[in-house]
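**Student:** build me a model from this:
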Amino acid sequence: MQTLYDGAGIYTVSMNRNSVINGNCVHDNPGYIDKKRGRGGFPGGIYLDEASGGFEVTQNVVYNVGKPYNYNDMGYTGFHWAEREMTNNIHENYFGILPDCEKKPNLCREYNRLKSTNLYGVSPESENFLTHIIDNAGLEEGYKNLLDM
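**Tutor:** Residues are numbered from 1 along each chain as shown. Coordinates of the predicted model:
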């Protein structure tokens, strides 16, 4: 991936009913650091952008990234946009970062919403590191020819 401020290892955009993001490993993607503005590392992991909807995100391992999961509702309000976020089911993922709620309270909104159905604080050094997911991550057999392009 190129170094971008607004990107991630897995990136979606718009409504995609019945789509599944499953069994991936995203790591070592700290994101772009804009030293002049004093921000960066965003998001790096799994990013559902532009009010993406219809996704099930499950059994993914994400660590050593700026932010493991991000949902962008584009700042719109109203039932239509809230309904889109509700069509996403984010569960049983393993995220290697706990947000610093005192320094970045905006990260805690998603963390508090997702912490009951996802595991945070997972890293390769952890006893509970999910090697079975990582060992099976990557392109499915029918798509491995894409690596030769």
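
**Student:** ranges for the strands of this protein?
**Tutor:** 7-22, 25-29, 33-34, 39-40, 43-58, 61-65, 67-71, 89-91, 94-95, 119-120 (DSSP state E).

**Student:** what's the least confident stretch among these?
**Tutor:** Lowest mean pLDDT of these: strand 39-40, a mean of 58.

**Student:** ok so, going back, got the strands of the chain as JSON lines, with mean neighbour count and distance to Gly142 columns?
**Tutor:** (Each C-beta comes from the backbone N, C-alpha and C, glycine too.) Listed next are those as JSON lines, based on neighbours: other Cβ atoms under 10 Å; distance: least, Cβ to Cβ, whole Å:
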{"stretch": "strand 7-22", "mean neighbour count": "15", "distance to Gly142": "16"}
{"stretch": "strand 25-29", "mean neighbour count": "17", "distance to Gly142": "19"}
{"stretch": "strand 33-34", "mean neighbour count": "13", "distance to Gly142": "37"}
{"stretch": "strand 39-40", "mean neighbour count": "14", "distance to Gly142": "36"}
{"stretch": "strand 43-58", "mean neighbour count": "22", "distance to Gly142": "21"}
{"stretch": "strand 61-65", "mean neighbour count": "23", "distance to Gly142": "22"}
{"stretch": "strand 67-71", "mean neighbour count": "24", "distance to Gly142": "27"}
{"stretch": "strand 89-91", "mean neighbour count": "16", "distance to Gly142": "25"}
{"stretch": "strand 94-95", "mean neighbour count": "24", "distance to Gly142": "26"}
{"stretch": "strand 119-120", "mean neighbour count": "15", "distance to Gly142": "30"}
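
**Student:** can you list these in a markdown table and add distance to Leu146?
**Tutor:** Listed next are those as a markdown table, based on distance: least, Cβ to Cβ, whole Å:
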| stretch | distance to Leu146 |
| --- | --- |
| strand 7-22 | 16 |
| strand 25-29 | 17 |
| strand 33-34 | 30 |
| strand 39-40 | 30 |
| strand 43-58 | 20 |
| strand 61-65 | 22 |
| strand 67-71 | 25 |
| strand 89-91 | 27 |
| strand 94-95 | 26 |
| strand 119-120 | 30 |
